[in-house]
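Asks: Next come a sequence and a model predicted from it.
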Amino acid sequence: MPDSLRVALVQQDTVWEDPAANLARARSFVAEAARAGARVVVFPELATTGFTMASEGFAEPLPGPATEAFSRLTREHGLYVIGTAVEAHLPHPRNAAFVLGPDGALAAIYRKLHPFTYGEEHQHYVGGEDCPVFEVEGIPCGLQICYDLRFPEPFRSLAARGAEVVFLPANWPVRRIEAWSTLLAARAIENQMAVCGVNRVGRDPRAEYPGRSAILDPFGVAVATGGDTEGLVVGDLDLTKLRAWRQRFPALKDRRPEVYGRL
């Protein structure tokens, strides 16, 4: 298992409801990340369409066109890609993220657990039921998506199953951006894990997005952060430091789940 991991977050200005344009632009982002030495490249939430509520019109199977397009890039550059798309499902599609390995194989699919009811997402998408733990370079990892950040339980479940890094694609608007930065740090600190949150920039018909993507260590300290313009955010996670902290300060072992259930 490696002692470090270089991550590239794609802080893109997503082209509204245009999968072909966004997939075409993905090639240059992945190539740039590969030149920077990244081993995993992470795209924002619904990076092929933007945060559309026209889910039925953009739904596709996974695996399907989006995974095939990103798979070609992982094989070409020999790295991992975490992409996102609208997944076909009944009674409504799902807001999904997927992990592709350097060989192009599908390593994991995660469906957003918590549709954003404040934004009426629950009327157009159905929530997922599972939080898989998968490996990147042998490192146990997990996924969450945007609004999931407000719910600590899935992060704790991932930590309890050994996840050291959680990737979080998002479309988080400017009017709530302070909550974004605070919650990313909280999830990292309370679970002694690295958290990599990638947020888009630009505007869509519903909101403005300020970026502020961040790669955080288990102390909640930013290894790398983005501003409000399009581009990559690249940083190195020190997993030796993370593992040493978990061993030296084993807070997760002091949990009392048998009591929590009665509270």
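Replies: Thanks, I have it.
Asks: only C-alpha atoms for contact and neighbour calcs from this point on.
Replies: OK.
Asks: so how far is stretch 109-118 off the chain centroid?
Replies: 12 Å (CA atoms, centre = their mean, to the nearest Å).
Asks: what sits up against that stretch?
Replies: 94-99, 121-123, 125-132, 143-145, 147-148 (CA atoms under 8 Å, 6 or more residues apart in numbering).
Asks: Can you show me the helices along this structure?
Replies: 19-35, 55-58, 65-77, 152-160, 177-191, 239-248, 257-260 (DSSP state H).
Asks: Name the residues of the fourth one that come out as buried.
Replies: Same thing as helix 152-160. The neighbour-count check on helix 152-160 (16 or more other CA atoms under 10 Å) flags Pro154, Phe155, Arg156, Ser157, Leu158, Ala159 as buried.
Asks: The first one now?
Replies: Along helix 19-35, the positions that meet the burial threshold by neighbour count (16+ other CA under 10 Å) are Pro19, Asn22, Leu23, Ala26, Arg27, Phe29, Val30, Ala31, Glu32, Ala33, Ala34.
Asks: Return the list of helices and strands in contact with that helix.
Replies: helix 65-77, strand 231-238 (3 or more CA pairs under 8 Å, 6 or more residues apart in numbering; DSSP states H and E).
Asks: again with the fourth one
Replies: In terms of contacts (3+ CA pairs under 8 Å, 6+ apart), helix 152-160 is packed against helix 177-191.
Asks: next one: the helix it packs on to chain centre, how far?
Replies: 14 Å.
Asks: can you check stretch 24-42 too?
Replies: Per CA atoms, centre = their mean, the centroid offset for stretch 24-42 relative to its chain is 15 Å.
Asks: Near Pro65, how many other residues are there?
Replies: 14 (other CA atoms under 10 Å).
Asks: Check it and give its pLDDT.
Replies: Here, the pLDDT recorded for Pro65 equals 96.
Asks: and if you look at Gln123?
Replies: pLDDT, Gln123: 97.
Asks: what does Met1 give?
Replies: 80.
Asks: shift numbering so it begins at 44
Replies: That works, and once the first residue is 44, the last one we named lands at Met44.
Asks: that older thread, from the buried residues of helix 62-78, pick the one nearest Phe292.
Replies: When these are compared for distance to Phe292 (CA to CA), Ala76 comes out closest, at 34.1 Å.
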